[in-house]
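A.B. asks: fold the following, please.
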Amino acid sequence: MRILHTADWHLGHSLHELSREREHRAFLAWLLDVLETHTVDALIIAGDVFETANPSALAQEMWYGFLADVRQRFPRLDIVVVGGNHDSAARLDAPRPLLAAQKIFMVGGLPRHKGGALDLGRLIAPLHDADGAVAAWVAAVPFLRIADLPRMADLPAFTEGDDLLIEGVRQVYAEAVEAARVRREPGQALLATGHCYMTKSEISEMSERRILGGNQHALPADIFPDDLAYVALGHLHLPQRVGSEHVRYSGSPIPLSLAERDYRHQVLLVTLDGSELASVEPLVIPRTVELLRVPRAGALPLDELLTALSALPESVLPESALPADDDPPETWPFLEAHVRLAAPEPTLRADVDQALAGRRVRLVRLATMYTGTGAALGDDTRARRLDELQIEDVFRSCWQAKFESEPESELIEAFHELLEEAHQADA
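C.D. replies: All right, here's what the predicted structure looks like:
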């Protein structure tokens with residue numbers, strides 16, 4: 001049996017207010033072809049379908065359009081979707097009856113009966129092989145919010161010193177997997193999903209954050225019972241294993257921040273042999289819009305940066321990846337530029353824009369690094385009382401923290417003019 005594991009689509013995402021629609025549509029079209037090429041039996045989407053809890057009409061059109069396309073092309077494909085921390089559980093669950101009629105198994109939020117017990121019938125889904133026989137059962141656990149977790153009194157194994165949140169998550173998985181285990185017949189595999197932050201895993205700068213109970217709550221891999229053949233995780237955008245071959249993050253399909261520029265974005269093709277995991281094969285997703293950083297690391301003096309920018313994108317991209325002259329701007333690479341300044345440059349942005357004039361790139365970030373010490377006023381090793389400090393001394397110290405030079409006399413004069421205006425305004 002073949003299962004495709006993906007997560008963290010973040011439909012509706014924008015990068016510095018620039019839409020990612022073109023990239024998402026290219027990924028969805030590619031994904032449909034992959035399902036056919038690899039004769040996939042089941043598709044698992046492990047959370048964060050949308051970028052926000054209130055996605056745009058365009059993001060929802062892409063989502064429901066994909067579901068319609070996949071069902072039309074693959075009538076027998078099992079589809080399991082769970083909610084992530086970016087998703088609105090209620091919004092995902094609202095069309096659940098309609099999706100269920102299309103054999104799309106949706107779990108936006110953790111379902112419970114009125115009495116508080118887990119609604120296990122809505123958490124457990126069968127997965128079928130090419131012959132239509134049940135080959136696996138998946139405990140489709142979505143992102144767990146603190147309110148979803150059992151109370152201490154409902155944790156029979158809880159002892160002093162245990163972490164209440166972690167043990168609550170463990171209990172949810174224990175109940176869900178046991179419900180799947182009861183349904184399983186010999187030769188059938190057990191799987192689970194999760195949208196969470198695990199210990200010994202790497203987060204992406206500027207993208208994810210630790211979730212559940214704050215930065216101190218990373219979940220250990222032993223919350224998953226030992227007889228699970230595979231655990232399909234979402235939340236972290238860097239594809240990675242968590243402690244073992246069968247517990248994995250698939251990662252996001254496109255770079256969701258400039259820091260994810262060098263990831264190999266992918267989906268995972270999971271092959272089961274009976275009840276056992278046979279293999280996990282990463283399928284690399286073609287990148288339709290490049291992300292560039294000038295320079296590759298660090299920062300350049302302004303004159304060197306302007307020279308480098310004026311040679312883009314031909315200087316850094318192979319010919320096969322270059323946008324054509326008639327390609328629309330939404331196909332042009334995103335650009336992040338880093339400059340090192342020893343003094344203020346009032347025309348910095350204008351100079352950068354001029355260097356990029358006619359270049360087929362889109363500047364989304366211009367980061368400035370100053371050559372001063374960066375020291376705060378309080379870092380001065382000399383012990384000085386506040387009443388000993390002159391306002392001009394504070395100004396000079398702030399200037400030198402950014403720049404290597406002393407402020408010019410004209411700047412000091414301008415500062416004193418502003419200071420005088422401030423005194424007059426207070427009078």
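A.B. asks: now do the helices in the stretch 301-427 of the chain.
C.D. replies: Along the stretch 301-427 of the chain, the stretches classed as helices by DSSP state H, counting those that start in this stretch are 302-309, 348-356, 391-402, 409-426.
A.B. asks: residue 51 reaches residue 8, doesn't it?
C.D. replies: No. With contacts counted by C-beta atoms under 8 Å, residue 51 stays clear of residue 8, the gap being 9.9 Å. C-beta coordinates here come from the backbone N, C-alpha and C atoms, glycine included.
A.B. asks: between the two, which one's more packed in?
C.D. replies: residue 8 (29 against 21; other C-beta atoms under 10 Å).
A.B. asks: can you give me the neighbour number for the closest residue to the more buried one other than its chain neighbours?
C.D. replies: Of all residues not flanking residue 8 in the chain, residue 252 sits nearest, at 4.0 Å (C-beta to C-beta, 6 or more residues apart in numbering). Residues lying near residue 252 (other C-beta under 10 Å) number 30.
A.B. asks: tell me if I'm right that residue 252 and residue 266 touch.
C.D. replies: No. Applying C-beta under 8 Å, one finds residue 252 not in contact with residue 266, separated by 9.5 Å.
A.B. asks: using the three-state scheme, assign residue 63.
C.D. replies: Following DSSP: H, G, I helix; E, B strand; the rest coil, the label given to residue 63 is helix.
A.B. asks: okay, now the residue nearest to it when sequence neighbours are not counted: neighbour count?
C.D. replies: In this structure, residue 63 finds its nearest non-sequential neighbour in residue 11, 5.7 Å apart by C-beta to C-beta, 6+ apart. Residue 11 is flanked by 25 other residues according to other C-beta under 10 Å.
A.B. asks: same question, residue 59
C.D. replies: 22.
A.B. asks: can you check residue 88 too?
C.D. replies: As a measure of burial, residue 88 has 17 neighbours, counting by other C-beta under 10 Å.
A.B. asks: that one contacts residue 53, doesn't it?
C.D. replies: Yes. The criterion here is C-beta under 8 Å, and residue 88 meets it with residue 53 at 3.9 Å.
A.B. asks: can you report phi and psi for residue 121?
C.D. replies: phi -60, psi -30 (degrees, to the nearest 10).
A.B. asks: equivalent analysis for residue 50, please.
C.D. replies: phi -110, psi 160.
A.B. asks: who's in contact with it?
C.D. replies: 9-12, 59-60, 63, 86-88, 91 (C-beta atoms under 8 Å, 6 or more residues apart in numbering).
A.B. asks: again, only this time at 6 Å
C.D. replies: 11-12, 59, 87 (C-beta atoms under 6 Å, 6 or more residues apart in numbering).
A.B. asks: now the helices for the stretch 101-250 of the chain?
C.D. replies: Using DSSP H, counting those that start in this stretch, helices in the stretch 101-250 of the chain cover 164-183.
A.B. asks: what stretches of it score poorly on pLDDT?
C.D. replies: 152-154, 157-161, 201-217 (pLDDT under 70).
A.B. asks: can you pull out the strands in it?
C.D. replies: 104-107, 124-128, 134-139, 189-195, 230-234, 240-241, 247-249 (DSSP state E, counting those that start in this stretch).
A.B. asks: dump the ones you listed into TSV; add distance to residue 177 as well.
C.D. replies: Listed next are the strands of the stretch 101-250 of the chain as TSV, based on distance: least, C-beta to C-beta, whole Å:
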stretch	distance to residue 177
strand 104-107	14
strand 124-128	9
strand 134-139	5
strand 189-195	6
strand 230-234	10
strand 240-241	20
strand 247-249	13
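A.B. asks: deepest-packed of those, please.
C.D. replies: strand 230-234 (a mean of 28; mean count of other C-beta atoms under 10 Å).
A.B. asks: so which elements touch that one?
C.D. replies: With contacts defined as 3 or more C-beta pairs under 6 Å, 6 or more residues apart in numbering; DSSP states H and E, the packing partners of strand 230-234 are strand 42-46, strand 189-195.
A.B. asks: now render those strands as a markdown table, adding distance to residue 169.
C.D. replies: Output for the helices and strands packed on strand 230-234, formatted as a markdown table (distance: least, C-beta to C-beta, whole Å):
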| stretch | distance to residue 169 |
| --- | --- |
| strand 42-46 | 15 |
| strand 189-195 | 9 |
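A.B. asks: wait, doesn't residue 339 sit right on residue 305?
C.D. replies: Yes. Contact criterion C-beta atoms under 6 Å: residue 339 and residue 305 qualify, at 4.9 Å.
A.B. asks: what is the end-to-end distance of stretch 262-281?
C.D. replies: 20 Å (C-alpha to C-alpha, to the nearest Å).
A.B. asks: any chance you could list what contacts that stretch?
C.D. replies: 1-6, 38, 187, 189, 229-230, 238-239, 246, 250, 253, 282-285.
A.B. asks: buried residues in it, which are they?
C.D. replies: 263, 265-270, 272, 275, 277, 280 (16 or more other C-beta atoms under 10 Å).
A.B. asks: give me the subset of those residues lying in strands.
C.D. replies: 266-270, 272, 277, 280 (DSSP state E).
A.B. asks: a markdown table for the residues you listed, including distance to residue 416 and pLDDT?
C.D. replies: Formatted as a markdown table, those follow (distance: C-beta to C-beta, whole Å; pLDDT from 0 to 100):
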| residue | distance to residue 416 | pLDDT |
| --- | --- | --- |
| 266 | 60 | 97 |
| 267 | 62 | 98 |
| 268 | 64 | 98 |
| 269 | 69 | 98 |
| 270 | 70 | 98 |
| 272 | 76 | 97 |
| 277 | 73 | 97 |
| 280 | 68 | 97 |
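A.B. asks: now for those residues: which two are most distant?
C.D. replies: Greatest spacing in these, by C-beta to C-beta: 266 and 272 (19.2 Å).
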